[in-house]
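A.B. asks: turn this into a structure:
(one chain, ligands or ions: 1)
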Amino acid sequence: MRIHHLNCGCMCPIGGALFDGRSSGPTACLVCHCLLIETDDGLVLVDTGFGVDDVRRPDRLSGLFRTMNNIKLDRRYTALGEVERLGFSAADVRHIVLTHLDFDHAGGLSDFPHARVHVMADELQSAEHAQGFVGKRRYRPDQWASTTEWRTYRADGETWMGFPAVRDLQGLPADILFIPLAGHTAGHAGVAVRTDGRWLLHAGDAYFFHGEVHGSERTCPPGMRAYQDMMNVDKDARLANQVRLRALANDPSAEVTVFCSHDAGELHILGGQPAEESVLARH
Ligand SMILES: [Zn+2]
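C.D. replies: Next up is the predicted model:
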């Protein structure tokens, strides 16, 4: 399977290094790191970032998050824009596997209405019955109104690298698994993909800053720590997941590359595309 690393969204919150730990100016640089997998049965997207309809109608997103995250909506940085850049069309995308249904992960669903969408059952339930101030703003039902082919899963106790795992996603190769990582949302999950004898683990929003999982000591800038606290539904579970992810990422014998959705440096390293520069060029 050939894997492409995509940037399907740019967010530049005021606060700079307080959020991303690296920017020298007043704004930070966050990406929406998605995967496009070429399989024998068509293309598989892992997460969709923002969608073309978010670019056309920014009010599909909540004003709170548009402002707080300083979202830079641009068709080039959507899943469809990235799929087309690689020479494919929307119809080539047969499956979408979602870490969760937050506004910055589910926006592209409406660009691929014929794709089969795989998500944890608890996540779809939470999104469709959103509660509370944050819940009603993070989940935007318009983003998935055109999705008809849902496939939902419950954690079934099988394990992968010591993590509970959901295998045999319907219609997908056995090399693509869900790794439930609840905490950020109720049905949040990572997605593991095996390629060339090594695993990639897309950890979604289980962490936001590379230093939370990689390196000798856990670090996270204060702005990013506060944002995660605001967004998580179960902080203890989120932090416990980070401990497990950290052990996995720092075990060379596991041969797993762990990355998250929004760290621009990780995308830059893994993607081989100038994600960071393209975001910064906008300023
Ligand atoms: Zn996110």
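
A.B. asks: after the one helix or strand residue 257 maps to, next one along is what?
C.D. replies: Assessed by DSSP states H and E, residue 257 sits inside strand 256-259. Next in sequence after strand 256-259, counting helices and strands by DSSP H and E, comes helix 264-271.

A.B. asks: elements contacting that following helix?
C.D. replies: strand 2-11, strand 30-39, strand 256-259, helix 275-280 (3 or more C-beta pairs under 8 Å, 6 or more residues apart in numbering; DSSP states H and E). C-beta coordinates here come from the backbone N, C-alpha and C atoms, glycine included.

A.B. asks: quick one: mean pLDDT over the strand holding residue 257.
C.D. replies: In this model, strand 256-259 has an average pLDDT of 97.

A.B. asks: ok, now stretch 142-151?
C.D. replies: 97.

A.B. asks: buried residues in that stretch?
C.D. replies: Residues of stretch 142-151 classed as buried: 142, 143, 144, 147, 151 (neighbour count, 16 or more other C-beta atoms under 10 Å).

A.B. asks: could you list the low-pLDDT ranges of the chain?
C.D. replies: Along the chain, segments meeting pLDDT under 70 span 272-283.

A.B. asks: can you point me to the longest helix in it?
C.D. replies: Scanning the chain for the helix with the most residues, using DSSP state H, yields helix 235-249.

A.B. asks: quick one: list the elements packing against that helix.
C.D. replies: strand 256-259.

A.B. asks: name every strand pairing with the strand it packs on and say which way it goes.
C.D. replies: strand 198-202 (parallel) (DSSP bridges).

A.B. asks: wait, does the strand it pairs with contact the ion?
C.D. replies: No: using C-beta under 5 Å from the ion, strand 198-202 stays clear of the ion, coming no nearer than 11.8 Å.

A.B. asks: output that strand as PDB - backbone C-alpha positions only.
C.D. replies: Once non-C-alpha atoms are left out, strand 198-202 reads as follows in PDB (Å, rounded to 0.1, in the frame of the first residue of the first chain):
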ATOM      1  CA  ARG A 198       6.500  -1.100   9.800                       C
ATOM      2  CA  TRP A 199       3.400   0.500  11.400                       C
ATOM      3  CA  LEU A 200       2.200   4.000  11.300                       C
ATOM      4  CA  LEU A 201      -0.100   5.000  14.100                       C
ATOM      5  CA  HIS A 202      -2.200   8.100  13.400                       C
END
